[in-house]
Structures are given as C-alpha cells and as structure tokens.
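Take this sequence and fold it.
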Amino acid sequence: MRPLLPLAILAGFGTDIFGSAIVFQILQPGAESILGWVLGGFMTFLGGMVAAQLAPGSELASAFGVGALTTAYTFLIVLASPAEGPFWPIALAMLITVPLAVAGGTTRAALRMHTS
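Okay, the predicted model is just below:
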C-alpha cells in the first residue's frame, strides 16, 4: 500500500461527506429531489477526484476506497436512524456511490495523462 493512499481516501471521503452535508443543508427540509441527487452524486464524484489527485499511481484504488467508505458510512447512518419513507432511494444511492467515486478517479487519471 502506498503511504499516501489512506490519507487520500480520507481526504476524498471528507470532501464527499462535507460537500453533501452542505448541499442538504442548503436544500429545504424534505427536498430529497433530483437536485439533491445530482449534487450529492457530484460530491461523490469530486471526492473520487480529490483522492485520485492525492495518490498518483493509485487513482482507481483511492477513488474506490472513497466510494466504499462512503457506502459503509451511509449504511451505518441508515442503521442508526431508519428513514420513514421508502428504502429504495437509499439503496439506489448506496449502489451508485462506488461507480461515481471511481468515475471521479478515472477522470482525474485521464486529466493527469492528458496534461503530461
């Protein structure tokens, strides 16, 4: 394991969680809308990019780590405070978290190769 990989994963995870928290604070309560999904997904994508930027040579591993950590965190939140509404939106969010983070890491890797 490369020395910066755990730090890169934590930085990407922090970007995702902090950004998503801000997004959902800005949106009106109960506004779990398409905008919330898009902005939350963008924060996951951005978290993957941040992790990939901080771990050159391990872009995909770091982005995957961000997605896996965010999914685990979401799962723990759901266990701690079950939602009153349907479960399918939460399940869908957990299913697309890793692919979105990996897409961010892949994008960062491609940008790095393109600018080199």
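
Skip the chain neighbours and tell me the closest residue to the residue nearest the centre of the chain.
Among the residues of the chain, the one closest to the centroid is Thr44, at 2.6 Å (C-alpha atoms, centre = their mean). With sequence-adjacent residues excluded and distances taken as C-beta to C-beta, 6 or more residues apart in numbering, Thr44 is closest to Leu100, at 4.3 Å. Heads up, the C-betas are built off the backbone N, CA and C, glycines and all.

secondary structure element for that neighbour?
Element membership of Leu100 [criterion: DSSP states H and E] is helix 88-115.

ok so, going back, next, count neighbours for the residue nearest to Thr44.
Under the neighbour criterion other C-beta atoms under 10 Å, Leu100 is assigned a count of 24.

For it, list the residues it contacts.
Gly41, Thr44, Phe45, Gly48, Gly67 (C-beta atoms under 8 Å, 6 or more residues apart in numbering).

Enumerate every residue touching the closest residue in space to Ala109 that isn't next to it in sequence.
Closest residue in space to Ala109, ignoring its immediate chain neighbours: Glu59 at 4.0 Å, by C-beta to C-beta, 6+ apart. Contact analysis of Glu59 by C-beta under 8 Å, 6+ apart lists Ala51, Ala52, Gly105, Thr106, Arg108, Ala109, Arg112.

Determine the three-state secondary structure at the residue nearest to the first one when sequence neighbours are not counted.
Spelled out, that is Ala51. Nearest non-adjacent residue to Ala51, counting by C-beta to C-beta, 6+ apart: Gly12, 3.0 Å away. Following DSSP: H, G, I helix; E, B strand; the rest coil, Gly12 is assigned to helix.

rewinding a little: tell me how far the residue nearest to the centre of the chain lies from Gly104.
As defined by C-beta to C-beta, to the nearest Å, Thr44 lies at a distance of 7 Å from Gly104.

Touching both of those two, which residues are there?
By C-beta under 8 Å, 6+ apart, the residues touching both Thr44 and Gly104 are Val66.

Can you read off the pLDDT for Pro3?
If you check Pro3, the pLDDT there is 67.

Burial check on the residue nearest to Phe64 when sequence neighbours are not counted, number of neighbours?
Nearest non-adjacent residue to Phe64, counting by C-beta to C-beta, 6+ apart: Val102, 5.6 Å away. Neighbour count of Val102, defined by other C-beta under 10 Å: 24.
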